[in-house]
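Q: here are the coordinates; sequence isn't available:
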């Protein structure tokens with residue numbers, strides 16, 4: 001028996017793109033897995049299916065280094081063995097770099113978290129660097 005919980009999530013999900021994997025084609029089915037982080041810096045895998053894989057994944061790959069914000073609406077959310085995942089369905093919407101206040105807040109939060117993380121790494125390695133001869 002598998003423990004899978006699935007529901008349709010109709011609210012908005014905003015996340016920052018981390019990785020875009022190649023499109024996988026099996027028969028008539030096309031899928032592209034992308035990895036994103038949410039506002040809590042948790043990594044989440046999103047499966048883009050069909051037209052979303054064909055049209056959005058090449059654009060996301062080009063924008064990957066710019067860490068675009070991705071907005072998702074009306075997607076399937078599932079939890080399988082404690083792993084949280086999101087998949088597009090035929091009524092889903094995928095927005096790339098939408099321009100509204102919550103997006104700007106997420107971008108600022110992500111940049112601040114990243115800057116703080118780099119500062120911690122730098123400060124913790126600073127004593128080693130000072131005493132190297």
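A: That came in fine, so what should we check first? In this text the structure is predicted, and so the values were computed from the model without any measurement.
Q: ok, which stretches of the chain are helices?
A: Remark: helices assigned in the chain by DSSP state H are 51-63, 101-130.
Q: rank those helices by pLDDT, which is bottom?
A: For the helices of the chain, the bottom mean pLDDT is recorded on helix 101-130, which sits at a mean of 61.
Q: Tell me how far the nearest residue to residue 97 once chain neighbours are set aside lies from residue 51.
A: Using C-beta to C-beta, 6 or more residues apart in numbering and skipping residues adjacent in sequence, the residue nearest residue 97 is residue 68, 4.9 Å away. Where you see a C-beta, it was placed from the backbone N, CA and C, and this is true even at glycine. Going from residue 68 to residue 51 by C-beta to C-beta, to the nearest Å gives 19 Å.
Q: These two: who's more crowded?
A: residue 68 (20 against 13; other C-beta atoms under 10 Å).
Q: The more buried one contacts residue 15, correct?
A: No: counting by C-beta atoms under 8 Å, no contact exists between residue 68 and residue 15, whose distance comes to 9.8 Å.
Q: Find me the pLDDT at the spatially most central residue of the chain, would you?
A: The residue lying closest to the centre of the chain (C-alpha atoms, centre = their mean) is residue 36, at 1.5 Å. For residue 36, the model assigns a pLDDT of 93.
Q: Also residue 3?
A: Reported pLDDT for residue 3: 48.
Q: now swap in residue 13 and tell me
A: 81.
Q: Apart from its neighbours in sequence, what residue is nearest it?
A: residue 72 (4.2 Å).
Q: Quick check: bridge partners of that neighbour?
A: Partner residues in beta bridges with residue 72, using DSSP bridges, are residue 13, residue 94.
Q: Please look at it and residue 36 and confirm they touch.
A: No: using C-beta under 8 Å, residue 72 is not in contact with residue 36; the gap is 9.0 Å.
Q: Give the residues shared as contacts by the two.
A: Counting by C-beta atoms under 8 Å, 6 or more residues apart in numbering, the shared contacts of residue 72 and residue 36 are 15, 46.
Q: In contact with the closest residue to residue 48 other than its chain neighbours, which residues?
A: Excluding the flanking residues, the one nearest residue 48 by C-beta to C-beta, 6+ apart is residue 32, at 4.6 Å. Taking C-beta under 8 Å, 6+ apart as the criterion, residue 32 is in contact with 20-24, 47-48, 52-53, 56-57.
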